[in-house]
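# Here is the input, now give the coordinates:
(chains A and B)
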Amino acid sequence: MAEGLQNRPCGGRYGDIVAAIGNTPLVELKRLSPKPGVRIYAKLESYNPTGSVKDRVARGLIEDAEARGAIAPGQTILEPTSGNTGISLAMICQRKGYPLKVVMPDNVTEERTQLLTMYGAEIVYSPGAQGSNGAVALALELAESDSSFYMPYQYGNEANPNAHYNGTAVEILEELDEVSAFVAGLGTGGTLMGNGRRFKEHDPDTVVVAAEPMQGELVQGLRSLDDGFIPPIIDLALIDRKIFVSNRDAVVWTKRVLAEEGLFLGVSTGAIAAIAVRIAGELDEGNVVFVAPDDGWKYLSSGVYSKPIEQLEAEGVLDSASFW
Amino acid sequence: MSTIKIPPVLRPSTGGEREVSAAGADVGEVLRALAEQHPATQSQLFGEDGALNRYVNVYLNDEDVRVLDGLDTAVKDDDTLVILPAMAGGA
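Numbering: from 1, shown residues only, chains lettered A, B, ... in the order given. A predicted model of the protein is given here:
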């Protein structure tokens, strides 16, 4: 062992990149903490191989299907995604020999398309105005019309929360004895459910908080409320608070986390950090932990890191872009 | 009076109004007052049992009332209720 290695523990040694998923750093955000007795920690999921928390989920979905004998190499995988799950699946499917088709809203950033193509995935676009709901609906349609697809379906597959229950949350509890509040974004519900369940088992008083995107005008494409969607894996009983964040606030906080803590994170992390700081302000002491799903690289082309908020507003970026 | 923000998908039922004012001491009262003003919203907001429809999320200012006290969540005069359809997402 080399002497003088200061940044132990190192990230470990692995046989291949899929095995290197997880074990991400937990970083304290001292400047954002409103009180000395309250410490805020971000679990930086951008340290995963394809740069997002979804590496954990995608590996869980594929390895669960393999373990059940539901898939074998050569099987085409189909999945709706707003981007990150698709990118993670694309890398993992390429490594393991599964062709991949993803259904994704057409208003996601160009970087996501490039990353998916780079890892060899085929992309089917759904109308951006319908958000992720449109991608889910189209993927379900495709799966129904062609039984040769295997759809892991992250919204309804317990392998999604289990990746957090057996991964993310365990890693956090290895570092912290106590978690007063846990904050995560609400999309599929996997991050909230898996971590929330583990934390509540560890300490029933842990407050589980969902930060969700205020989709605003993005949802104009919904024809009626019957187009609404609640991921089957979500159990609201596990959530103590559920708070929405506007795209504007998400961007403002993304910039603030960058300026004050030096963390270049995705726009959904800005929203989650905003709620984490708010919850921290309501506590007298304890640890507030939040999951930062990805970093900023995939959102650079939207201009959110370089342009002032007023300009982004004037250009309509805040209303039209899909950051989650 | 509380302010209720109406999502695009419900605006055909409120004559195009984006915001409606309604009185009530809790979320249920305010929403029923909305349904009295705009009867077309009744069947979209509530099921036959009087509970909130599954795909309707109602937020008191910015917090989902389903994980607070539901329709019994207390509302103050200057509060805003935001109605949003349930949507999927990434995380």
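# backbone phi and psi for residue A:173, please?
Dihedral angles of residue A:173 (phi, psi; degrees, to the nearest 10) stand at phi -70, psi -20.
# ok, how many other residues are close to the spatially closest residue to it that is not a sequence neighbour?
Spatial nearest neighbour of residue A:173, chain neighbours left out: residue A:202 (6.0 Å); criterion: Cβ to Cβ, 6 or more residues apart in numbering or on different chains. Where C-beta positions appear, they are placed from N, C-alpha and C, glycine not excepted. When neighbours are defined as other Cβ atoms under 10 Å in any protein chain shown, residue A:202 has 16 of them.
# Residue A:53 versus residue A:202, what's the distance?
20 Å (Cβ to Cβ, to the nearest Å).
# Looking at the closest residue to chain A within chain B now. What's its pLDDT?
Nearest to chain A in chain B, going by Cβ to the nearest Cβ, is residue B:55, at a distance of 2.7 Å. Per-residue pLDDT puts residue B:55 at 86.
# What is the burial count for the nearest residue to it once chain neighbours are set aside?
Distance criterion Cβ to Cβ, 6+ apart; nearest residue to residue B:55, sequence neighbours excluded, is residue A:228 at 2.7 Å. A count of neighbours around residue A:228, defined by other Cβ under 10 Å, yields 20.
# Next: residue A:146.
Residue A:146 has 11 neighbouring residues, counting by other Cβ under 10 Å.
# Now do the same contact list for it.
Contact analysis of residue A:146 by Cβ atoms under 8 Å, 6 or more residues apart in numbering or on different chains lists nothing.
# can you check the one 4 residues further on too?
Going by Cβ under 8 Å, 6+ apart, residue A:150 touches A:65, A:70-71, A:75-78.
# Just list whatever residues bridge to it.
residue A:77 (DSSP bridges).
# Could you tell me what pLDDT the model assigned to it?
With respect to pLDDT, residue A:150 scores 97.
# Can you report how many residues neighbour residue B:38?
20.
# Could you double-check that it sits in contact with residue B:12?
No. Using Cβ atoms under 8 Å as the test, residue B:38 is too far from residue B:12 to be in contact (10.2 Å).
# Show me the helices in chain B, by range?
For chain B, applying DSSP state H gives helices covering B:27-37, B:42-45.
# repeat for the stretch 51-200 of chain A
With helices called from DSSP state H, counting those that start in this stretch, the stretch 51-200 of chain A shows them at A:54-67, A:84-96, A:110-118, A:131-145, A:159-163, A:169-175, A:190-202.
# Out of those, flag the one nearest residue A:214.
helix A:131-145 (12.0 Å; Cβ to Cβ).
# Is chain B within reach of that closest one?
Yes. Helix A:131-145 lies within reach of chain B by Cβ under 8 Å from any Cβ of the partner chain, at A:131-133, A:135-136.
# Just the closest of the contacts of residue A:150 to chain B, please.
Among these, residue A:78 lies closest to chain B (Cβ to the nearest Cβ), at 16.1 Å.
# any idea how far that closest one is from residue A:243?
With distances taken as Cβ to Cβ, residue A:78 is found 33 Å from residue A:243.
# Please apply the same query to residue B:41.
From residue B:41 over to residue A:243 the distance is 24 Å, taken as Cβ to Cβ.
# which residues touch residue 17?
Just going to use chain A. A:49, A:91, A:95.
# um, chain B though
Residue B:17 is in contact with B:6, B:11, B:38, counting by Cβ under 8 Å, 6+ apart.
# Just give me the neighbour total for the second one.
A count of neighbours around residue B:11, defined by other Cβ under 10 Å, yields 13.
# Show the average pLDDT along stretch A:130-143.
For stretch A:130-143, the per-residue pLDDT averages 90.
# Appreciated, that's everything.
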